[in-house]
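**Q** would you be able to build a 3D model of this:
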Amino acid sequence: MSSAVKKDFLEGFKHNLLACITFFFSTIVLEVLGGNSKSYFLFTKEVCILCYAVFFISFLYLLWMRGDIEVEKKNISNRYVVLKKRYSDLLIPKEIDIILRNGEELKEQMGYIDLVKKKYTALWICSLLTLCVIVTVLSPIGNMFAGMIFAFKSIIVIFGLLIFLLVRLGSFIL
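**A** Down below sits the predicted model:
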């Protein structure tokens, strides 16, 4: 049961991150091919705002997925209670507790689900923050970094490509 919750959350994370990164790199390619050589920045203010909107939608999706996990945890708990009631006609409460290990398995599953939720939430937020920082640095909004942009453009694009490759490689491993 808990592995299905993990699988659903992981799939949502992978699809969402892939969509954000695809949008991000599509924007970079369009800006480069568009030949916007008048600007010192890779992203215009409008494109930057659009990127932030996509990242905000991704964050809302994260919150929705976390809520979905809580609903699934309640369903697992309810199934445990129903299972316990079914056995109450056949067995005495002490035997039921032995079979169900006094609820230890349920506690383990809930702990595992919470751990998975925390790990992927942290990864999701770190990914979004990284993309937000990259967009900010490469846009007029990050004008305070203007002196460093030329030196960091290549590093940031390579870093973004590495994130993309890790996500793609991770989808083959998982």
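
**Q** may I ask which helix or strand of the chain has the lowest mean pLDDT?
**A** For the chain, using mean pLDDT, DSSP states H and E, the weakest element among its helices and strands is helix 146-173, scoring a mean of 61.

**Q** just the pLDDT at Gly142, thanks.
**A** At Gly142, the model reports a pLDDT of 65.

**Q** and if you look at Lys74?
**A** The per-residue pLDDT of Lys74 was computed as 92.

**Q** which of the helices or strands spans it?
**A** helix 45-88 (DSSP states H and E).

**Q** which residues outside stretch 63-75 are in contact with it?
**A** Val5, Asp8, Phe9, Gly12, Phe13, Met110, Ile113, Lys117, Thr121 (CB atoms under 8 Å, 6 or more residues apart in numbering). Using the backbone N, CA and C atoms, a C-beta is placed for each residue, glycine as well.

**Q** I meant stretch 86-106, not that one.
**A** Ile76, Ser77, Tyr80, Leu83, Lys84.

**Q** okay, which residue is most central for the chain?
**A** Trp124 (3.2 Å; CA atoms, centre = their mean).

**Q** how close does the closest residue to that residue other than its chain neighbours sit to Lys6?
**A** Among residues not flanking Trp124 along the chain, Leu62 sits closest, at 5.1 Å (CB to CB, 6 or more residues apart in numbering). In this structure, Leu62 and Lys6 are 15 Å apart, going by CB to CB, to the nearest Å.

**Q** can you check Phe56 too?
**A** 25 Å.

**Q** ok, these two, which is more surrounded?
**A** Legend: neighbour count by other CB atoms under 10 Å for Phe56 and Lys6, higher for Lys6 (18 against 12).

**Q** does the more buried one belong to a helix or a strand, and which?
**A** Assigned by DSSP H and E, Lys6 falls in helix 2-33.

**Q** chain center to that helix: distance?
**A** Relative to its chain's centre, helix 2-33 lies at 8 Å (CA atoms, centre = their mean, to the nearest Å).

**Q** closest one of the contacts of stretch 86-106 to Leu138?
**A** Ile76 (44.0 Å; CB to CB).
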